[in-house]
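> Let me see the structure of the following:
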Amino acid sequence: MKIALVIDRFLPAKGGGERYVQILAEKLAERGHDVTILARRFPPGAPPKRIHYHRIKVPDWPGFFKVLSFARNCREEIEKGDFDIVHDVGHTVGADVFNPHGGVEQVWLERYFASYDNAFHRAFKRIQRLLSPKEQTILSLQRQQYLSEKTRRILAISPMIREHIRARYPQIPENKIVLIQNPAELDRFSPRNRERFRAAERERLRLSDDEIALLFAGNNFRLKGLHPLLRSLTVLKEIADNNHPFRLLVAGNESHKRWKRLADKLGVSKFVAFLGPSSEMEKLYTASDIFVLPTFYDSAALVVLEALASGLPVITSHWNGTHTLIDVPATGMVLENNDDPEEIARAIYHFFPEEIRAEALQQSPLLVASVGLDNHIDRILQLYDEVIKEKTHG
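Below you'll find the model as predicted:
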């Protein structure tokens, strides 16, 4: 099968959508399919075997014209390519499968604005974004992506995203929206890793034997809820009362200067370690005891799936599409108010007892067994076959 995967920037270290396209492309290629990734930017180095990079040339500015140019130029290249399937995770209209990996833009915007704790900043960002020609172009393009007759299937990666699509676009036939949840790499992330990596990794991080390690991971600290999480540490240190030493490990590809200043201002800097980006997350999960992501919006966070697969209890918000997988309270907590420090602190403290974490270590991996990567690829290929038959027979 000749498959085109479309994404604006194919830079897997930058975010979940990019990482997903990398995983999808590699697994499809492993199964013998010919995969071309169309994007305007790529990582350095040659692509893996059976994967081709096709750069879409666009102007650097203005922003709205860059978005429009990508959609137009990508469409032209697709028409030349004679692909069996075009799977779009970016901004082009008329792909066979449209996969809004970041969710419905209108909902994302509302949650993006909510992530600004200062009312003035929130109002300013709302005006700035909604008056932006680039944002209006994205909104217009996404509406076309949802409603185009050429779009055979709309792929929702979580039940939350499916409901958001239905709410915003009720005119779309229900059978056109397909739910295939984000995949977990069960071979890479497993409780078995603890025996291999935990002792050495905790030593590297200078964690004492009795120190409870909280892990936060993401590339957009504000949107992922680091601000309320840091505020929650002021509550947690009072609840723990020196009887339960803890430390928050912050991993992600973002400058941490302003966040260090915030931790200092809140008086919790001694409880926080900023690690920077990690290419070995499987080791970091083994060093940790509780995963915390009080996100303002996440269509289906891969890190939550990875943490569960690694045997960690997970605390996240109901604005995270993967929250439906969590068995509350055995394997985690789902926050109703993701920016309430008290609620976050109480949820974290629930998992301080070792016996409760030991139960999660047994139960958490079971929750993601049905969304393993092999099963995900099976379902994607089944979807492709259905679309090809429709295209062939009309």
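> show me where the stretch 201-350 of the chain has strands.
212-217, 246-251, 272-276, 290-293, 314-317, 332-335 (DSSP state E, counting those that start in this stretch).
> For the fourth one, give me every contacting residue.
Right, strand 290-293. By C-beta atoms under 8 Å, 6 or more residues apart in numbering, the residues outside strand 290-293 that reach it are 212-218, 224-225, 229, 248, 285, 301, 303-304, 307, 312-317, 320, 344, 348, 351, 357. The way it works is simple: take the backbone N, C-alpha and C, and place the C-beta from them, glycine included.
> closest one to Ala114 among the strands of the stretch 201-350 of the chain?
strand 314-317 (11.1 Å; C-beta to C-beta).
> Switch the strands of the stretch 201-350 of the chain over to JSON lines; also include mean pLDDT.
Output for these, formatted as JSON lines (pLDDT from 0 to 100):
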{"stretch": "strand 212-217", "mean pLDDT": "98"}
{"stretch": "strand 246-251", "mean pLDDT": "98"}
{"stretch": "strand 272-276", "mean pLDDT": "97"}
{"stretch": "strand 290-293", "mean pLDDT": "98"}
{"stretch": "strand 314-317", "mean pLDDT": "98"}
{"stretch": "strand 332-335", "mean pLDDT": "98"}
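> how about the residue positioned nearest the centre of the chain, what does it touch?
Centroid check for the chain by C-alpha atoms, centre = their mean gives Ala301 as the closest residue, at 3.4 Å. Contacts here follow C-beta under 8 Å, 6+ apart; on that basis Ala301 touches Gly16, Asn182, Gly218, Leu293, Thr295, Thr316, Asn320, Gly321, Thr322.
> Same check on Asp327?
Gln363, Leu367.
> at 6 Å what do you get?
For Asp327, the contact set (C-beta atoms under 6 Å, 6 or more residues apart in numbering) is empty.
> circling back: go through the contacts of Ala301 and flag which are in helices.
Per DSSP state H, helices hold the following members of those: Gly16.
> Now restrict the contacts of Ala301 to buried residues only.
Listed as buried from those are Gly16, Asn182, Gly218, Leu293, Thr295, Thr316, Asn320, Gly321, Thr322; burial here means 16 or more other C-beta atoms under 10 Å.
> can I get these in a markdown table with distance to Asn338?
Listed next are the buried ones among the contacts of Ala301 as a markdown table, based on distance: C-beta to C-beta, whole Å:
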| residue | distance to Asn338 |
| --- | --- |
| Gly16 | 18 |
| Asn182 | 19 |
| Gly218 | 13 |
| Leu293 | 9 |
| Thr295 | 7 |
| Thr316 | 8 |
| Asn320 | 9 |
| Gly321 | 14 |
| Thr322 | 14 |
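> Can you give me the distance of Leu275 to Ala251?
Note on Leu275: its distance to Ala251, by C-beta to C-beta, to the nearest Å, is 5 Å.
> Then Leu179?
29 Å.
> Between those two, which has more neighbouring residues?
Ala251 (20 against 12; other C-beta atoms under 10 Å).
> so the more buried one makes contact with Asn219?
No. Taking contacts as C-beta atoms under 6 Å, Ala251 lies outside contact range of Asn219: 9.6 Å.
> What are the boundaries of the helices in the protein?
Using DSSP H, helices in the chain cover 16-30, 63-81, 105-114, 119-130, 133-147, 159-168, 193-204, 226-240, 257-266, 281-287, 302-309, 341-350, 354-367, 373-393.
> tell me which residues in the fourth one are buried?
To tie it back to what came earlier, the one meant is helix 119-130. Lys125.
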